[in-house]
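Novice: Provided below for reference: sequence and predicted model.
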Amino acid sequence: MSTERVLNFGAGPSALPLSVLEEAQKGLVNFNGTGIGIAEISHRSKEFQAFLDDFEKNIRTQLGVPPTHRILFTQGGGTSQFSAVVLNLLARHRLLHPTATAEETVLDYVVTGSWSKKAAEEARRLAAGNATVRTVVDSRVYSKDGKSFDNIPPHAEFTFSDDPALIYYCENETVDGVEFSHDPQSPASFPFHLLKRDALVPLVADYSSSFMCRPIPHLADHAVIYAGAQKNIGPAGLTILIVRQDCIVDVDAAAKLGVTPVPLILSYKTLADSGSLYNTPSVLPIYMAGLVLQRMKEKGGLPYYEETNRRKAQKLYAIIHEGEQKGVFRRKVQQGSESWMNAVFEVLGEGAEKKFLEGAEKEGMKGLKGHRSVCVRVSLYNAVTEEEVDKLIAYMTRFLGES
Ligand code: PLP
């Protein structure tokens, strides 16, 4: 068996730092000196509890999560949160407005890519009869070809409902390579200034593919932020939630007022009341994500990653742009809306994409084939180092020279 590791530019599950994998190997046999492997130890042991507390503290400190918000851990991935946010926030809304009709109970969805579209579809399933799902904006309307997710629409196109039960957006669309800019001056930033400030805003964000790659703008204004671990911070199987306290509600009291009962395992109150240990948590992914967070702290935390990720993305888009000038590459996403984490582009010409991917693979670079609806996709998650990006860029430069 080869022990050689390739450069993994896959979209997820994605690369993890080698030092973490090596540390985790030791933990699999003997977790923190207990003599028991991490996959064997009780999740109620004091050693695991101490590790979990430290993990939570590490996320809180590095992201600057205020005391108004709880950090919760669960399973089921981002997909389970497509359902959970709807059920929990409908329960919250019903407790605030016990007599609201289905027409008066509105869920606002910002649709900028495949994942937010999927989340809105799940909301429509779950809210049927109880609430109305509204598309705030659908970015396909503003696309170059009228059908692709290739942009963040202009601020003026965002019209939020008066008193919605939730406002949903996906910060980084992994498949389409579209992301909200974090520069408030950019037209592709999220229009936080358009949100009503007279009550706590029920703003929900899917950060599955951009969690911990840079700070979260307006974090304190969010009701729920969630992310699966498997892009930036660990293996699949762990889902991280940042939930504002007013969204942790008595779902059974809401059910008595007529909303859909919330399965206990999806209820934020269940998770909060049990310290995220209502049932057996995903112990091994938590452990590995905890090691990643420790490593992040040692390297300088989010400022370090933000700077590195900015440089990685800038360099990559520069070479894609160069290829575009030469008629070899074509960017899929409109300028200003490009993702830092997932860059998508076409390699133009008969058989050219295949040649590009095969050439990369020969040089030990894998995971570059995009989702079936896109072309080439380079994922630049935290574990992908700047040196690895430089190697890819050197390959792309050679490819351009030979094209
Ligand atoms: N949201 C985004 C932005 C994603 O990239 C993904 C998966 O890639 C999901 C949600 C779904 O997550 P999961 O596969 O963990 O259910």
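Specialist: Thanks, I have it.

Novice: residues of the stretch 51-200 of the chain that sit close to the ligand?
Specialist: Residues of the stretch 51-200 of the chain found near the ligand (C-beta under 6 Å from any ligand atom) are Gly77, Gly78, Thr79, Trp115, Cys170, Thr174. The way it works is simple: take the backbone N, C-alpha and C, and place the C-beta from them, glycine included.

Novice: again, only this time at 5 Å
Specialist: Residues of the stretch 51-200 of the chain lying close to the ligand by C-beta under 5 Å from any ligand atom are Gly77, Gly78, Thr79, Trp115, Thr174.

Novice: isn't the last one up against Val344?
Specialist: No. Under the contact definition of C-beta atoms under 8 Å, Thr174 does not touch Val344, with a separation of 9.9 Å.

Novice: quick one, helices of the stretch 201-350 of the chain?
Specialist: Counting by DSSP state H, counting those that start in this stretch, the stretch 201-350 of the chain has helices at residues 251-256, 268-273, 283-299, 301-325.

Novice: and the last one, what other elements does it pack with?
Specialist: Contacting helix 301-325 under the criterion 3 or more C-beta pairs under 8 Å, 6 or more residues apart in numbering; DSSP states H and E are the following elements: helix 46-63, helix 283-299, strand 329-331, strand 342-347, helix 386-402.

Novice: now these in TSV, with mean pLDDT and mean neighbour count?
Specialist: Output for these, formatted as TSV (pLDDT from 0 to 100; neighbours: other C-beta atoms under 10 Å):
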stretch	mean pLDDT	mean neighbour count
helix 46-63	98	17
helix 283-299	98	21
strand 329-331	96	19
strand 342-347	96	25
helix 386-402	97	15
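
Novice: give me the nearest residue to the closest residue to the ligand within the stretch 1-150 of the chain, chain neighbours excluded.
Specialist: Going by C-beta to the nearest ligand atom, the ligand is nearest to Gly77 of the stretch 1-150 of the chain, at 2.4 Å. Nearest non-adjacent residue to Gly77, counting by C-beta to C-beta, 6 or more residues apart in numbering: Gly228, 4.5 Å away.

Novice: could you pull up the residues touching that neighbour?
Specialist: Gly12, Gly77, Gly78, Ser208, Ala236, Leu238, Thr239 (C-beta atoms under 8 Å, 6 or more residues apart in numbering).

Novice: give me the neighbour count for the spatially closest residue to the last one that is not a sequence neighbour.
Specialist: Same thing as Thr239. Distance criterion C-beta to C-beta, 6+ apart; nearest residue to Thr239, sequence neighbours excluded, is Thr74 at 4.9 Å. Other residues within reach of Thr74, judged by other C-beta atoms under 10 Å, total 23.

Novice: next up, phi/psi of Gly64, please.
Specialist: Torsion angles at Gly64 (phi, psi; degrees, to the nearest 10) stand at phi 70, psi 50.

Novice: where in this protein is pLDDT low?
Specialist: Low-confidence segments of the chain, defined by pLDDT under 70: 1-3, 198, 372-374.

Novice: tell me where the stretch 51-200 of the chain has strands.
Specialist: 69-74, 106-111, 132-138, 166-170, 172-173, 178-179 (DSSP state E, counting those that start in this stretch).

Novice: what packs against the second one?
Specialist: The helices and strands touching strand 106-111, judged by 3+ C-beta pairs under 8 Å, 6+ apart, are helix 77-96, helix 114-127, strand 132-138, strand 166-170.

Novice: for the fifth one, same thing?
Specialist: Applying 3+ C-beta pairs under 8 Å, 6+ apart, we find strand 172-173 packed against helix 114-127, strand 178-179.

Novice: can you tell me what sits against that strand?
Specialist: 112-116, 149, 178-180, 207-210, 339-342.

Novice: kindly report the same for the first one.
Specialist: Outside of strand 69-74, the residues within contact range by C-beta under 8 Å, 6+ apart are 52, 56, 59-60, 65, 80, 219-220, 222, 238-245, 248, 265, 268, 271-272, 276, 281-282, 286.
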